[in-house]
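Pasting the sequence and the predicted coordinates here, then a few questions.
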Amino acid sequence: MSQKPNTFVTQPYLPDLKDFLPYLEQIWDNKTLTNAGPFHQQLEAALCDYLGVKYISLFSNGTLALVTALQSLRITGEVITTPYSFVATSHSLLWNGIKPVFVDIDPNTMNMNPACIEAAITPNTTAIMPVHCYGHPCDVDAIQKIADTYNLRVIYDAAHAFGVENENGSILNYGDLSVLSFHATKVFNTFEGGAIVCPDAKTKKRIDHLKNFGFVDEVTVIAPGINGKMSEINAAFGLLQLQHMPQVLSQRSEIDAFYRAHLSNIKGIRLGGTTGETQQNYSYFPILIGADYPLSRDALYEKLRAHQIFARRYFYPLISEFPMYRGLNSAHRDNLPQASLIASQVICLPIYPDLSMDVCVAIVDLIKGAS
Ligand SMILES: *Cc1c(COP(=O)(O)O)cnc(C)c1O
């Protein structure tokens, strides 16, 4: 077999380097490197416009944005969340001294199951932190109804949901706050980066203070804030990257359509569905390996690896399996039967703009070859 280049689950989209040089020249000219400089302000405005949201506050990464989102609303006590996510979701709770309470997911949407939330509410519950897993919207109406009934805040980990819309527009407008990640592995990246989307100027102001040590002016500090500021280099890259989003999305959608067409009728393979979004972002392509597939999930994963196809088992293990969480009552597998099952079946296939159709064909053939 001919030597194939390594294929990872994702690869960042990089515009032409020569197109980035004028941005760097501007930074060198005006010597503003960070602290809400011109590119930072431009990117905030451009993202509000592109995403269709009111206010956005940029961060140096998504995890600090999650930690700060919780602080901005003064969340304490217990927060109901999903174990089927990247570990930063729950880590942001621990960093705030908050107890995560895990609830199970819906096996079709792989998002938090709203029917499980009510039973997990205690007198200490203050908020819900759902994840729009793989960029497919949660049942936002059901979640908001529960939040309203019990007077809880809703903070969405929307790290996967850049540009996702439903019939009312951006999915980021639901809940009290939504948090984005612009990490290199995400659909839209600034190398490292993140943001909080919020509905009013007052909340944005508080968030802006918190990401700058709590400074309000030269001599006034209102809270033990953090350094979560995005630098001018990252913001400039974001502005350039944003111009390429239509192309990024159309290339991703072609790969999504190819996989869907060729993998939807294989015995023992189930494709991760969409959940009614009107604009997808094609950020991940999860498949579930059932008992009637000839290979186990891990055997298929290893087979792909042997062909330099580095798919990932997102999300395995569950967050609730990690040592700092597994002692919680809610982390018990009996409480999370669907999440445990899905975590044992899932593989996310490579999907990114520069992924060649030849490699997609090879991936499909490898999966079919075992059937
Ligand atoms: C990527 C990701 C994060 C963390 O974002 P960073 O920018 O890497 O800190 C948080 N939650 C989810 C669901 C993610 O996928």
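Cool, got the structure.

Could you check how many residues crowd around the residue nearest to Ala147 when sequence neighbours are not counted?
Of all residues not flanking Ala147 in the chain, Val154 sits nearest, at 4.9 Å (CB to CB, 6 or more residues apart in numbering). The way it works is simple: take the backbone N, C-alpha and C, and place the C-beta from them, glycine included. Neighbour count of Val154, defined by other CB atoms under 10 Å: 22.

Could you list which residues are in contact with Thr185?
Listed by CB atoms under 8 Å, 6 or more residues apart in numbering, the contact set of Thr185 reads 9-10, 12.

The helix or strand where the residue nearest to Ala147 lies close to the ligand?
Here Val154, judged by DSSP states H and E, is contained in strand 153-157. Yes - under the criterion of CB under 6 Å from any ligand atom, the ligand is reached by strand 153-157 at Asp157.

Name the nearest residue to the closest residue to the ligand within the chain, sequence neighbours excluded.
Taking CB to the nearest ligand atom as the measure, the chain has Gly62 as its residue closest to the ligand, at 2.8 Å. Spatially, and ignoring its direct neighbours in sequence, Gly62 is nearest to Ser181 (2.9 Å; CB to CB, 6+ apart).

what's the pLDDT at the one you found?
What the model reports as pLDDT for Ser181 is 98.

measure it to Asp217 for me?
30 Å (CB to CB, to the nearest Å).

got it, and Leu300?
From Leu300 to Asp217 the distance is 58 Å (CB to CB).

For these two, work out which one has more neighbours and name it.
Set Leu300 next to Asp217 and count neighbours by other CB under 10 Å: Leu300 wins out with 21 against 8.

buried ones in the helix or strand hosting that one?
Element membership for Leu300 (DSSP H and E) is helix 297-306. Neighbour-count burial for helix 297-306, with 16 or more other CB atoms under 10 Å as criterion, is recorded at 297, 300-301, 303-304.

What of stretch 62-75?
62-73, 75.

List of residues touching it?
So stretch 62-75 is contacted by 57, 59, 79, 88-89, 91-93, 95-96, 98, 126-127, 153, 155, 157, 159, 176-177, 179-183, 193-196, 198, 203, 206-207, 210-211, 223, 225-226, 228 (CB under 8 Å, 6+ apart).

Would you mind writing the CA trace of it as PDB?
What follows is stretch 62-75, C-alpha atoms only, in PDB (Å, rounded to 0.1, in the frame of the first residue of the first chain):
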ATOM      1  CA  GLY A  62     -12.800  28.900  25.800                       C
ATOM      2  CA  THR A  63     -12.000  27.400  29.200                       C
ATOM      3  CA  LEU A  64     -11.300  30.800  30.800                       C
ATOM      4  CA  ALA A  65     -14.500  32.100  29.100                       C
ATOM      5  CA  LEU A  66     -16.500  29.200  30.800                       C
ATOM      6  CA  VAL A  67     -14.900  30.000  34.200                       C
ATOM      7  CA  THR A  68     -15.600  33.700  33.800                       C
ATOM      8  CA  ALA A  69     -19.100  33.100  32.500                       C
ATOM      9  CA  LEU A  70     -20.000  31.300  35.800                       C
ATOM     10  CA  GLN A  71     -18.400  34.100  37.800                       C
ATOM     11  CA  SER A  72     -20.100  36.900  36.000                       C
ATOM     12  CA  LEU A  73     -23.500  35.400  37.100                       C
ATOM     13  CA  ARG A  74     -22.200  34.600  40.600                       C
ATOM     14  CA  ILE A  75     -23.100  30.900  40.200                       C
END
